[in-house]
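S.K.: generate coordinates for the sequence data below:
(4 chains)
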There are 4 protein chains.
Amino acid sequence: MANSKYEYVKSFEQNTTLLKQTWIVVRIDGRAFHRYDFQKPNDARGLGLMNAAATAVMREIPDVCFGYGISDEYSKLVTTVVSTFTAYYVHFWPQWFPERLLVPPLPTFDGRAIVYPNKDVLRDYLSWRQVDCHINNLYNTAFWALVLKGGLTETQAEEELRGTVSADKNEILFSRFGVNYNDESEIYKKGNVLYRKYEEGEAEKAMTASENFLQEPLSKSQRDKQRKRKSKATIELVHVDIIKDAFWEERPWILG
Amino acid sequence: MANSKYEYVKSFEQNTTLLKQTWIVVRIDGRAFHRYDFQKPNDARGLGLMNAAATAVMREIPDVCFGYGISDEYSKLVTTVVSTFTAYYVHFWPQWFPERLLVPPLPTFDGRAIVYPNKDVLRDYLSWRQVDCHINNLYNTAFWALVLKGGLTETQAEEELRGTVSADKNEILFSRFGVNYNDESEIYKKGNVLYRKYEEGEAEKAMTASENFLQEPLSKSQRDKQRKRKSKATIELVHVDIIKDAFWEERPWILG
Amino acid sequence: MANSKYEYVKSFEQNTTLLKQTWIVVRIDGRAFHRYDFQKPNDARGLGLMNAAATAVMREIPDVCFGYGISDEYSKLVTTVVSTFTAYYVHFWPQWFPERLLVPPLPTFDGRAIVYPNKDVLRDYLSWRQVDCHINNLYNTAFWALVLKGGLTETQAEEELRGTVSADKNEILFSRFGVNYNDESEIYKKGNVLYRKYEEGEAEKAMTASENFLQEPLSKSQRDKQRKRKSKATIELVHVDIIKDAFWEERPWILG
Amino acid sequence: MANSKYEYVKSFEQNTTLLKQTWIVVRIDGRAFHRYDFQKPNDARGLGLMNAAATAVMREIPDVCFGYGISDEYSKLVTTVVSTFTAYYVHFWPQWFPERLLVPPLPTFDGRAIVYPNKDVLRDYLSWRQVDCHINNLYNTAFWALVLKGGLTETQAEEELRGTVSADKNEILFSRFGVNYNDESEIYKKGNVLYRKYEEGEAEKAMTASENFLQEPLSKSQRDKQRKRKSKATIELVHVDIIKDAFWEERPWILG
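M.R.: Numbers count the residues shown, from 1 in each chain, chains lettered A, B, ... in the order given. Next up, the predicted model:
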């Protein structure tokens, strides 16, 4: 507020706004997480902590996961989501790893926002992530089976898997280690899907409200209602196929 | 890594790079911090916690506070700094407020990067912040004296101060509350200045290294040395004038 | 291509890409066109020259006015359109103003690209322009009638019209100058609308091609066909309502 | 100005501002200029036309070539320069190619602005362009000698020159075609350098004015004076070394 001859420096700030009426994805990546020695190929508690932090983000920032609207200012949106995720990750750590005192360097994250112009591209983005999850998990399951159960070095395991396709990796797992990849947990094969679950009738109202939003901005009282509706919703965590239409047809309000 | 027909969505990502050879400031703001009921007008422990988190950021990210270089990718730079600050803020909370259990909503932050083209504008930016700090603190000191010691409501205090200049606020503090503003702590009047302090001879090497950097990129081994030099440096916290030249002339390596 | 120690400067270039699968509008404005003394309130030849240049842009850049695709690089898209428009404007000038030798300062233009996320917002953009055209033209018609026929100074005319609504301006035109605004040329009331008109059956093929484009990029041969289709199309210039649905329903291929 | 429900679309416009107190280069490229069949390896009249258009840009836009200031809005700056260049290029064509009637497709240009943070990087940029000019011109001179005088096909000439260094090309030119590359015109070897030349004493005033500008914005009357000073200056066209310091030391006002 203070008036001084130095204030001209404010003019160096640049606002990058995100295109309105689009779908914004904020992607968060852990920084140097190999330092934390999570179990290979998957650490159930590490994933649980991630989901707990993500659930907290959805609870605290109602606009998130509705896909648009929280803010059109790039920096503010991304840093708010990353900061909230980090705060809960550090806060919940002792609940998930009570035996491992958290000491510096602490777990931190970076993030970026990506704008998708319509629902089809957004669905393709989510499908891409799920395909990626499957392929990476199959690789990691085979890789760590070769290392942990097969006694190979990491370099040997890498070489063994070079050039193999999915069928080969399934075969390695089954014939050498008696592991049927299909029996692996859905959480590892499908990843984690979080969404709001509304009570009877509330989902329709939320959808109508956001459809209207495309026509004209919601009034403050409408926005307050929408926000209340969302904060009453429960956050569901599932590990299911989101590539096929079924998931979306049964939950039309998510992209509604 | 997985190849799938959905991968085209990657093309929607946009990289905003920051102009090289400039001075980058990452500004971090607390979100809705009124929720945490810090003491008025200044909360010594709240400030201590902030400084502890900021010190940790400088310790963990060596490139920070050297002013440039950590990354030219906007999102990655800003979210990394904000995430690291948040992690330490939440982590250190129990040390500073042992009697106040941290419960959701947790403290979170947003941030933005601003690019300044040269040292002069950067100094003006820092001067602007310090002038702002002084003027806000004088206002807040007078305001909370009127409320806490003078028995005024917040609205009455606001009205009382409307249109007053610095001399008026000094006078109110002195004549009504016996407070000599000049005797207030430098931490409140000058704010918090963090910088790296090198051992004998190391500062010159750090400067030379970064001057060369302007000519040609440092080699990996030079960068490693520079990084080691910085991680051995101690982080100094002072509350002094940074508007006049003296501070900078005595510590030429900071903007060197 | 030359390798030299100066090449690092290339790294200062920034590419701003436009969001794909959106509708891009390039808006072109004349710079200081008051210098050219066009007739008031409308100069038929000036408009004709504008339309000739715009038609040439559509003829020369087949992707333009199909709304997307010419390039996702902001600068290249905008400067190409503005440069092509300028070239034809200067080139066609002698045909429209044979008696007025073009001398420096020559007519020049600036431009900007705006990205709209979907067809609805694009239609709203076009509606906004047409409403603006109508309201400005009514104002200008009344203003210049007061000045040219009514003998008022420009300041007096401005004052006379301050605070008037459309009905008032219609009344002024009718009662004082016997002008029925409804009888004015559609070109001034509705503006200029340019679009491609395809021969029997070709529009459907063009639409199908671009719908497919939303699914997957066109192959080179498909793009060549699409380009040929467009270059055979004639450029239509009309002055009709584009706010109501009729125009678009009769020409589904334009936004197809 | 018209108020309508469609006006919300204005909010989709984005302003990209250029960092202040930096050096802005607008680079202009001809689009598909092979269509115009200029003489190989260099077309003196084609270059003359280019220089005439560039000189007109400098005359018409006083802020250009002083390096900063014309506008901090990216689109407006770039499109204005490109449009002005295009207008004069088309306008001057008949003076340079009286025997070649200009017919569509007309010559057009695209452009981009690049921001350099300080004088050193700007000088490196200009050095890069001049090194590039020299190397390309040596290649083209040898290539077209092989084709036009040596009777090779373009493919054969390309193969002949693959892997050669400067000395090899000089040797080819000299031993096969009796051409001493050093005797070639400076315009082809050094490129074209345009700058403002002030009358006695005026350069100092222009420099002082722009130095002050770095401290505080010029007042309107100061800017008017500066503009007048520039429009009285003559535009010099030279073909000299701009890599070494001499050029800049003799003309300190250019980057002053």
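S.K.: tell me if stretch A:143-150 is near chain B.
M.R.: No. Contact between stretch A:143-150 and chain B, assessed by CB under 8 Å from any CB of the partner chain, is absent, since the two come no nearer than 12.9 Å. For glycine as for every other residue, the C-beta is placed from the backbone atoms N, C-alpha and C.
S.K.: again, but for stretch A:118-138
M.R.: Yes. In terms of CB under 8 Å from any CB, part of stretch A:118-138 sits within range of chain B, namely A:121, A:124, A:125, A:127, A:128, A:131, A:132, A:134, A:135, A:136.
S.K.: ok, the third one touching residue B:6?
M.R.: If I follow you right, that is residue A:125. Yes. With contact defined as CB atoms under 8 Å, residue A:125 and residue B:6 form a contacting pair (7.3 Å).
S.K.: follow-up on the earlier one: in JSON lines: the residues of stretch A:118-138 next to chain B, plus pLDDT, distance to residue A:181 and neighbour count.
M.R.: Formatted as JSON lines, the residues of stretch A:118-138 next to chain B follow (pLDDT from 0 to 100; distance: CB to CB, whole Å; neighbours: other CB atoms under 10 Å in any protein chain shown):
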{"residue": "A:121", "pLDDT": "87", "distance to residue A:181": "30", "neighbour count": "20"}
{"residue": "A:124", "pLDDT": "89", "distance to residue A:181": "25", "neighbour count": "19"}
{"residue": "A:125", "pLDDT": "86", "distance to residue A:181": "25", "neighbour count": "19"}
{"residue": "A:127", "pLDDT": "88", "distance to residue A:181": "20", "neighbour count": "18"}
{"residue": "A:128", "pLDDT": "87", "distance to residue A:181": "21", "neighbour count": "19"}
{"residue": "A:131", "pLDDT": "90", "distance to residue A:181": "15", "neighbour count": "17"}
{"residue": "A:132", "pLDDT": "87", "distance to residue A:181": "16", "neighbour count": "17"}
{"residue": "A:134", "pLDDT": "92", "distance to residue A:181": "10", "neighbour count": "20"}
{"residue": "A:135", "pLDDT": "92", "distance to residue A:181": "12", "neighbour count": "16"}
{"residue": "A:136", "pLDDT": "91", "distance to residue A:181": "13", "neighbour count": "15"}
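S.K.: for chain A, where's the lowest mean pLDDT among helices and strands?
M.R.: Evaluated with mean pLDDT, DSSP states H and E, the helix-and-strand set of chain A has its lowest mean pLDDT in helix A:202-215, which scores a mean of 58.
S.K.: which residues does the closest residue in space to residue A:40 that isn't next to it in sequence contact?
M.R.: With CB to CB, 6 or more residues apart in numbering or on different chains as the measure, residue A:144 is the residue that lies nearest to residue A:40, at 4.5 Å, once sequence neighbours are left out. Contact partners of residue A:144, counting by CB atoms under 8 Å, 6 or more residues apart in numbering or on different chains, are A:40, A:41, A:157.
S.K.: list the helices and strands the one helix or strand the last one maps to packs on?
M.R.: For residue A:157, the host element (DSSP states H and E) is helix A:154-161. Other elements packing on helix A:154-161 under the criterion 3 or more CB pairs under 8 Å, 6 or more residues apart in numbering or on different chains; DSSP states H and E are helix A:119-144, helix A:166-177.
S.K.: rewinding a little: which among the contacts of residue A:144 end up buried?
M.R.: Among the contacts of residue A:144, those classed as buried by 16 or more other CB atoms under 10 Å in any protein chain shown are A:41, A:157.
S.K.: which among the contacts of residue A:144 gets closest to residue D:80?
M.R.: If you rank these by distance to residue D:80 using CB to CB, residue A:41 comes first, at 58.0 Å.
S.K.: can I take it that residue A:112 is in a helix?
M.R.: No. For residue A:112, which was evaluated using DSSP: H, G, I helix; E, B strand; the rest coil, the result is strand, with no helix membership.
S.K.: in space, what's closest to it - neighbours in sequence excluded?
M.R.: Beyond its immediate neighbours in the sequence, the residue positioned closest to residue A:112 (CB to CB, 6+ apart) is residue B:75, lying 4.0 Å away.
S.K.: so, low pLDDT: which residues of the stretch 101-250 of chain A?
M.R.: Counting by pLDDT under 70, the stretch 101-250 of chain A contains low-confidence ranges at A:206-219, A:223.
S.K.: so which residues on it come close to chain C?
M.R.: Proximity of the stretch 101-250 of chain A to chain C is confined to A:115, A:117, A:118, A:120, A:121, A:214 under the rule CB under 8 Å from any CB.
S.K.: nearest to chain C among the residues you listed?
M.R.: Checking those against chain C with CB to the nearest CB, the nearest one is residue A:117 at 4.5 Å.
S.K.: neighbours around the closest one, how many?
M.R.: For residue A:117, the number of neighbouring residues by other CB atoms under 10 Å in any protein chain shown comes to 21.
S.K.: is it true that it touches residue C:21?
M.R.: Yes. In this structure, residue A:117 sits in contact with residue C:21. The criterion is CB under 8 Å, and the distance is 4.5 Å.
S.K.: how close does residue A:113 sit to residue A:79?
M.R.: Computed as CB to CB, to the nearest Å, the residue A:113 to residue A:79 distance reads 10 Å.
S.K.: for the two, indicate the residue with more neighbours.
M.R.: The residue with the greater number of neighbours, taking residue A:113 and residue A:79 and applying other CB under 10 Å, is residue A:79; the counts read 31 against 19.
S.K.: now do that one against residue B:109, distance only.
M.R.: For residue A:79, the distance to residue B:109 under the criterion CB to CB works out to 7 Å.
S.K.: hmm, back to that, of the residues of stretch A:118-138 next to chain B, which is the nearest to residue A:243?
M.R.: Among the residues of stretch A:118-138 next to chain B, residue A:127 lies closest to residue A:243 (CB to CB), at 4.4 Å.
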